[in-house]
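In: got a structure for you, letters missing:
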């Protein structure tokens, strides 16, 4: 080897550094969205074989999906489906970056709202409008997966983000389970408190779960149905009278929440409810399986905190989420689409629903799970689509919801609303 | 190996170059090595360039754009992201304030606590060794485990803290802990100190055990009391250890990301939001350009605070 002089060595290192600098200066977003200018294409067709990665956040449903995967693999020789599960928070924060390359998440799920919108803008969805699966869904529940004329995703789950009630404790207290207005709701809480239980167990220390109550509180208070979108756009303000009225109603709830509610995480809140120490768990129907897992034997119902003065527009709230899609960057779209078709068949959707105690938006599903059967009438009621998922900016959503927590902590509705509006204004 | 190359170079030198003049020989450094040796760090330099230098430079570039993290299109916005962070984003300034408060609390408490522990446990007796192991134990736990342990300690309904207070008749002191916005940061600081004080204690013990015993004996003979001995012997001798402890604790406290996220959830509420969690939230909110600007401010903040601490505590001699 011929010798390299010191000067040459330094030049070489310099060139390396320059190369690194030049490489680093390549502009962000160097690749175009897979959807391209012509809009999303339908998933590629072909043999249903090879490996399929299914990315989602429902760790608690892993065993149920494992069983469904076994059935799917038995139908198609040579296909293998593997679940890629993240926690819901991590999935919310990182899924887009992880999935856009297509190395994982041939089939995937997204949350309704900001995540669905970002996935759409990034061109990750394929067009499912003409898929076999789409015909299996209740048309009214498909809107959460639509973008313009396209049906990009299929909202699989129907959940009710309303307080769960321990029917036994309600009966014991003689409390009405379906209050017709706000005074009746407070009267119901009063009766429950008088019977010696905590009326509402609320996980105020957990932003995601604690915020579900917001869906109920805002549904009948807001002047329009897209109130959260309008708050984000600056058309409505949280300092408006209707919002202050809602914050005042949050204040009314303080005597009926467990002590130190703003410091309670979701697991202790579930424990209070499952042990019969609290009559309601202010999260939603998606916690039924977890509460049963903690040993709760009592019958459960849903209670809608009716904030109206008697002429409510809505009888409850629901959310259509877990929006299934096929990744446009996937190398195995045919098998991924077949997996989504398989999940969307009534028999398989029914298995998923009954095992996980969650309703699905697939037609002709037979609910055999006792809790689902009991709550099925809610599918027919006049319910509002959960409003908090209209927020596309998570900072705005957190600030607006934090105003309710601040009121429960002792702030006045006006103070809390002003603090939240300041953050909203900074982001308009 | 270097000797071999050096020898070969010497053998080759007379054939390739004329005899060096006496002046040139005098100018040559005694530590001069064969230039081929400069190639040896190349793999390490390449790794650093690829994994450290490039991402850092990219962060600087992203910081002047409005890139959302996935679009092909973006605009250069100059210093707007930096201006927004300091003048138009109360969430960022709140996180910055929280972080500085958290660093101050933890640095003072952890440094003092670990020094006191080290002073009490310097001797290599069996009891001391056992206690050192116990105090060191939290360090080997993962931060997520620590977060969940303390989350349940602080739970107002079933948590250990309120249960113990209730059991000894101090119900009036029971509280909401993390649910109290005015106190939440202090309770997380307690957790952070519990988590890392044992590790810092070990650094101090190493420093204390290197102090010659004769100095204390001489000081005793001169009539110095315990405080005077500490002030004139112990403290100056543990200054290098203190320098390590303070710098490490500062960086650790700035980056208490996993502890905060584990204990407060994602996103953490305003009273527990620190710079690292804020940057994460901004990335999650698809504001990559702005998050990159926040990251650069964060990096500068750590460097500035560490430098200031070292100067103020006189832990860095002049000229270093």
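Out: That came through fine. Computed from a predicted model, the values in this text were never measured in an experiment. Numbering: from 1, shown residues only, chains lettered A, B, ... in the order given.

In: for stretch B:232-250, which positions count as buried?
Out: B:233-234, B:238, B:241-243, B:245-250 (16 or more other Cβ atoms under 10 Å in any protein chain shown). Backbone N, C-alpha and C define where each C-beta goes, glycine included.

In: in chain B, which residue sits nearest chain A?
Out: Among all residues of chain B, residue B:179 sits closest to chain A, at 2.2 Å; criterion: Cβ to the nearest Cβ.

In: now for the chain, the helix or strand with the poorest mean pLDDT.
Out: Here I'm looking at chain A. helix A:6-24 (a mean of 65; mean pLDDT, DSSP states H and E).

In: show me what counts as buried in the helix or strand immediately after that one in the chain.
Out: Using DSSP states H and E, the next helix or strand after helix A:6-24 towards the C-terminus is strand A:50-56. Of the residues in strand A:50-56, A:50, A:52-56 count as buried by neighbour count, 16+ other Cβ under 10 Å.

In: can you count the residues close to the residue of chain B closest to chain A?
Out: Neighbours of residue B:179 under the rule other Cβ atoms under 10 Å in any protein chain shown: 26.

In: report how many residues lie close to the closest residue to it other than its chain neighbours.
Out: Using Cβ to Cβ, 6 or more residues apart in numbering or on different chains and skipping residues adjacent in sequence, the residue nearest residue B:179 is residue A:263, 2.2 Å away. Residue A:263 sits with 29 neighbouring residues when counted by other Cβ under 10 Å.

In: can you check residue A:173 too?
Out: Look at residue A:173: counted by other Cβ under 10 Å, it has 20 neighbours.

In: OK, now which residue of chain A is nearest to chain B?
Out: In chain A, the residue that lies nearest chain B is residue A:263 (2.2 Å; Cβ to the nearest Cβ).

In: per-residue pLDDT, that residue?
Out: pLDDT recorded at residue A:263 is 92.

In: give the contact list for it.
Out: With contact taken as Cβ atoms under 8 Å, 6 or more residues apart in numbering or on different chains, residue A:263 is in contact with A:204-205, B:154-156, B:175-180.

In: among those residues, which one sits closest to residue A:161?
Out: Nearest to residue A:161, judged by Cβ to Cβ, of the contacts of residue A:263 is residue A:204 at 15.4 Å.

In: can you pull the contacts of that closest one?
Out: By Cβ under 8 Å, 6+ apart, the contact list for residue A:204 reads A:210, A:257, A:261-264, A:405, A:408, B:179.

In: now residue B:285
Out: With contacts defined as Cβ under 8 Å, 6+ apart, residue B:285 is in contact with A:393-395.

In: and chain B, which of these reach it?
Out: With Cβ under 8 Å from any Cβ of the partner chain as the criterion, the contacts of residue B:285 include A:393-395 near chain B.

In: quickly find the element holding the residue most central in space within chain B.
Out: With distances taken as Cα atoms, centre = their mean, residue B:251 lies nearest the centre of chain B, 2.3 Å away. Assigned by DSSP H and E, residue B:251 belongs to helix B:239-254.

In: now that helix: average pLDDT?
Out: Across helix B:239-254, the average pLDDT comes to 91.
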